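Novice: sequence and predicted model, in that order:
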Amino acid sequence: MMPFPFLFVVDIDPKSVTVMNTSVIPHIDPMDIGLASMEKGNTVPTAKPRKKTMTSIYLKYFETALDGKSRKCKFCGQNYSIATATGNLGRHLSNRHPGYDKIGDSANSPAQQPVTVAKKPQTQVKSSPVELDHLNWLLIKWLIVASLPTSTLTEKWLTNSFKFLNPSAELWPGEKFQTVLREVFRSMKESVRLIVEQISSKVSVTLDFWTSYEQILYMSVTCQWIDENWSFQKFLLDICHIPSPCGGSEVYYALLKVLRLYNLETKILSCTHDNSPNALHACETLKDEMDSQKVSAFCYIPCAAHTLNSVINDGLRTTKSVILKIREFVLELNSSSEISEDFVQFTTAYHEGNWEFPLDASARWSGSYQMLDIARKAGKSMETVMRKYEDQLGSRLLLNSAEKNVVNIMHKYLEPFYKTINNICTNKVMTIGLVLFFMDHICETILACKDSRQTPDWLRSVAKDMYIKAQNYSDQVCNAFTYMTAILDPRIKVELIPEYLNLESYLEEARNHFIRNYSTSYFSYSTQDPEDGGGSVSFAEEIARKKRRASTNSTTDELTQYLSEPPVPMPTDVLEWWKVNNSRYPRLSLMARDLLAVQSTTVMPEDIFCIKGDEIDRQRFSTPQSDTQSLLCVKSWMRNGIKLKYKSTEIDCERMMELAAASATESSSRSFDKKQK
């Protein structure tokens with residue numbers, strides 16, 4: 001969680017605040033920060049006509065810039081538009097440089113000396129409203145990064161803390177923070193729309209669902225594609241509130257609204273859903289609609305991570321009570337430095353491995369497997385610690401012989417799952433082909449356990465339930481579309497795809513799809529040949545090139561040539577491979593760009609399997625409806641490199657922090673000089 005940006009206001013003397021560069025935030029009225037119009041219906045109030053200033057005595061304290069479009073204060077360098085009323089210049093001098101009129105013409109001197117400012121007795125000079133806006137913008141950034149609701153800033157003790165550091169500090173009202181955040185959301189959403197509009201390939205979308213503490217169902221829609229440089233791109237498009245009764249129809253209309261907003265109806269190639277019935281219904285409806293309009297080919301696939309997590313939970317069902325006992329012991333280790341130090345000493349003495357604290361005690365797969373792992377590998381140390389601290393821990397946590405046997409059996413059985421999930425979570429580009437390769441291995445592991453006579457009855461029963469879910473996933477992904485996405489992974493091709501998917505009919509359909517959508521147009525005769533390099537060639541050369549293409553097309557094609565070569569090693573970077581081999585397969589690479597962007601999971605796998613997902617779930621659950629869409633979308637967009645934006649102005653929070661640090665340093669230096677005197 002990002003700490004409070006207290007550095008902004010620490011030790012700043014309100015009577016001698018250094019002017020900060022206002023270019024990092026929008027030029028807004030200090031009284032209502034330019035938001036009154038938004039609060040009253042998004043209408044921009046007409047500025048009241050100002051009276052003409054009859055004198056311009058203040059102009060001698062400003063110099064005109066070389067471009068003739070702005071004036072600069074000779075004392076502090078603050079810039080104002082040339083059209084700024086001289087009354088504003090006078091207010092600047094009064095507020096920022098009291099006693100300026102007693103300085104005389106020294107401001108006109110080319111070599112300026114430090115100015116001694118005359119202090120007016122019993123007069124409090126207010127801090128610049130621009131600086132206070134800086135503070136509020138930093139708080140906005142903090143809310144976004146920490147995923148905290150805007151109501152956080154309405155707590156009076158927070159306001160009092162800032163007042164304690166600087167009496168001039170004023171926070172915006174809670175409603176204003178919310179209004180500003182919504183405007184930031186609208187401004188940045190337009191930036192995302194412009195980025196998506198420039199996509200030249202097909203896109204894949206993923207759907208994720210959750211329910212908040214207000215019992216509101218939300219759906220996130222994320223877009224993925226591979227750009228011209230073979231870099232994977234991913235942007236959250238929107239977070240939608242699914243209205244009651246929250247069925248498949250409501251999910252479909254919410255998804256369709258997002259696709260139309262970003263003009264993706266003709267670009268979408270696939271949708272990965274979370275296996276829920278409502279999401280499945282929405283995807284089926286969307287496919288029927290696209291097929292009826294013959295817009296483009298479209299397919300939907302279930303999330304492999306959700307499927308695998310459900311399969312594993314079935315496997316852990318019979319060992320739940322044992323894992324709970326181990327978890328309670330681990331929680332005691334994490335909370336007591338004395339007990340954890342003894343545990344480390346015992347594991348060293350018994351040669352039972354090295355363990356880093358705090359141990360993962362989450363209820364997710366990562367934590368559950370670590371409970372089995374610690375009981376399997378450090379059983380002696382666990383028992384020794386429990387007996388030493390029996391008065392504190394009690395004997396209830398000691399594992400009996402039957403429980404130890406269960407731990408050993410389950411640990412061995414789930415080890416392939418552990419290795420598979422580690423690969424899925426750490427792989428740079430988890431293609432459909434690689435996921436099907438891993439999922440097929442999981443099916444084989446479950447089947448071997450289910451059919452083995454050495455398997456205990458309780459585990460065989462569990463394996464049957466696990467196999468049903470794994471087989472259901474295989475049935476859903478068994479189609480020509482997933483076949484095409486799988487073979488375009490150069491590590492997989494035809495040799496390593498699951499047997500149930502390796503059908504001759506799918507290969508023929510893949511070939512037809514390639515020729516129909518990616519190959520034919522490139523084989524058509526054209527006087528503008530890509531080999532021409534922009535110049536002209538003879539008529540005879542044009543005919544020769546046409547014949548060479550026809551010969552190539554009739555004897556072989558890029559797909560056949562690609563599949564005739566053996567798969568590349570597993571550590572190969574798939575996108576880098578296609579980038580390098582793009583010139584060898586100019587047409588097939590276009591198909592690969594589209595299909596390799598299809599996602600095997602709806603979210604990052606670690607969000608489902610690892611403790612990181614707990615933090616995400618807490619944030620989603622606790623965020624109120626008023627902030628959910630704007631807060632979570634803006635946070636995601638910032639992570640993707642989109643600058644924080646308010647209307648047409650980028651908000652440079654990093655620059656604000658630099659200015660705050662510089663101001664605090666200068667204030668401290670002045671205080672030190674006063675003490676020295």
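Specialist: Perfect, I can see it now.
Novice: which parts of stretch 502-519 are buried?
Specialist: Across stretch 502-519, burial judged by 16 or more other CB atoms under 10 Å covers 506-507, 509-511, 513-514, 517-519. For every residue, glycine as well, the C-beta is placed using N, CA and C.
Novice: could you do stretch 418-436 as well?
Specialist: Judged by neighbour count (16+ other CB under 10 Å), stretch 418-436 contains these buried residues: 418, 420-421, 423-425, 430-436.
Novice: out of those residues, which one sits closest to residue 604?
Specialist: Lowest distance from residue 604 to the buried residues of stretch 418-436 (CB to CB) belongs to residue 425, with 8.0 Å.
Novice: thought the closest one was touching residue 608?
Specialist: No. Checked against CB atoms under 8 Å, the pair residue 425 and residue 608 is beyond contact range at 9.2 Å.
Novice: by residue count, what's the longest helix in the chain?
Specialist: helix 401-426 (DSSP state H).
Novice: now what about the helix or strand just after that one, what contacts it?
Specialist: Of the helices and strands lying after helix 401-426 in sequence (DSSP states H and E), the nearest is helix 432-451. Around helix 432-451, the neighbours that count as contacts under CB atoms under 8 Å, 6 or more residues apart in numbering are 301, 304, 307-308, 311, 413, 416-417, 420, 423-424, 427, 455, 459-460, 463-464, 466-467, 470-471, 473-474, 477, 482, 485-489, 491-492, 496-499, 501, 598, 600-601.
Novice: same deal with stretch 221-233?
Specialist: Stretch 221-233 has contacts (CB under 8 Å, 6+ apart) with 196, 199-208, 234-240, 255, 258, 262, 264, 429, 575-576, 578-579, 582, 593-594, 596-597, 599.
Novice: so which of the buried residues of stretch 418-436 comes closest to residue 269?
Specialist: Closest approach to residue 269 among these (CB to CB): residue 432, at 12.0 Å.
Novice: quick one: residues contacting the nearest residue in space to that closest one that is not next to it in sequence.
Specialist: What sits nearest to residue 432 in space, not counting adjacent residues and going by CB to CB, 6 or more residues apart in numbering, is residue 485, at 4.0 Å. Neighbour list for residue 485: 431-433, 595-596, 598 [criterion: CB under 8 Å, 6+ apart].
Novice: so residue 485 sits in a helix?
Specialist: Yes. Residue 485 forms part of a helix when assessed by DSSP: H, G, I helix; E, B strand; the rest coil.
Novice: where's it relative to residue 597, distance?
Specialist: 9 Å (CB to CB, to the nearest Å).
Novice: now do residue 169
Specialist: From residue 169 over to residue 597 the distance is 48 Å, taken as CB to CB.
Novice: repeat for residue 332
Specialist: To residue 597, residue 332 is 47 Å away according to CB to CB.
Novice: who's more crowded, these two?
Specialist: A side-by-side neighbour count of residue 332 and residue 597, using other CB atoms under 10 Å, places residue 597 first with 24 against 19.
Novice: surely that one meets residue 205?
Specialist: No. The criterion here is CB under 8 Å, and residue 597 misses it with residue 205 at 10.1 Å.
Novice: return the subset of the contacts of helix 432-451 lying in helices.
Specialist: Among the contacts of helix 432-451, the ones falling in helices (DSSP H) are 304, 307-308, 311, 413, 416-417, 420, 423-424, 459-460, 463-464, 466-467, 470-471, 473-474, 477, 482, 485-487.
Novice: which of these count as buried?
Specialist: The buried subset of the ones in helices among the contacts of helix 432-451 - by 16+ other CB under 10 Å - is 304, 307-308, 311, 413, 416-417, 420, 423-424, 459, 463, 466-467, 470, 473-474, 477, 482, 485-487.
Novice: below-threshold pLDDT in the chain: ranges please.
Specialist: Within the chain, the stretches with pLDDT under 70 are 1-56, 99, 101-132, 520-537, 541-542, 544-556, 664, 666-677.
Novice: for the stretch 201-350 of the chain, which segments count as strands?
Specialist: Taking DSSP state E, counting those that start in this stretch as the criterion, the stretch 201-350 of the chain carries its strands at 203-211, 217-226, 232-242, 268-273, 299-302.
Novice: of the ones you listed, give the one that comes closest to residue 179.
Specialist: The closest of the strands of the stretch 201-350 of the chain to residue 179 is strand 232-242. By CB to CB, the value is 18.7 Å.
Novice: what comes up buried for the closest one?
Specialist: Using 16+ other CB under 10 Å as the test for burial, strand 232-242 gives 233-240, 242.
Novice: that strand vs strand 203-211, what angle?
Specialist: Here strand 232-242 points in a direction 40 degrees away from that of strand 203-211 (axes from the mean of the first three to the mean of the last three CA atoms, to 10 degrees).
Novice: neighbouring strands - and their directions - for strand 232-242?
Specialist: Within its sheet, strand 232-242 is paired with strand 217-226 (antiparallel), according to DSSP bridges.
Novice: picking up where we left off before, so what does the longest helix of the chain touch, helix or strand wise?
Specialist: Counting contacts by 3 or more CB pairs under 8 Å, 6 or more residues apart in numbering; DSSP states H and E, helix 401-426 packs against helix 304-315, helix 320-335, helix 365-377, helix 432-451, helix 457-477, helix 605-609.
Novice: turn those into a markdown table, including distance to residue 159.
Specialist: Formatted as a markdown table, the helices and strands packed on helix 401-426 follow (distance: least, CB to CB, whole Å):
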| stretch | distance to residue 159 |
| --- | --- |
| helix 304-315 | 43 |
| helix 320-335 | 34 |
| helix 365-377 | 39 |
| helix 432-451 | 50 |
| helix 457-477 | 53 |
| helix 605-609 | 35 |
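Novice: before we move on, the earlier item: which of the strands of the stretch 201-350 of the chain has the highest mean neighbour count?
Specialist: Across the strands of the stretch 201-350 of the chain, averaging neighbours per residue (mean count of other CB atoms under 10 Å) puts strand 268-273 on top, at a mean of 24.
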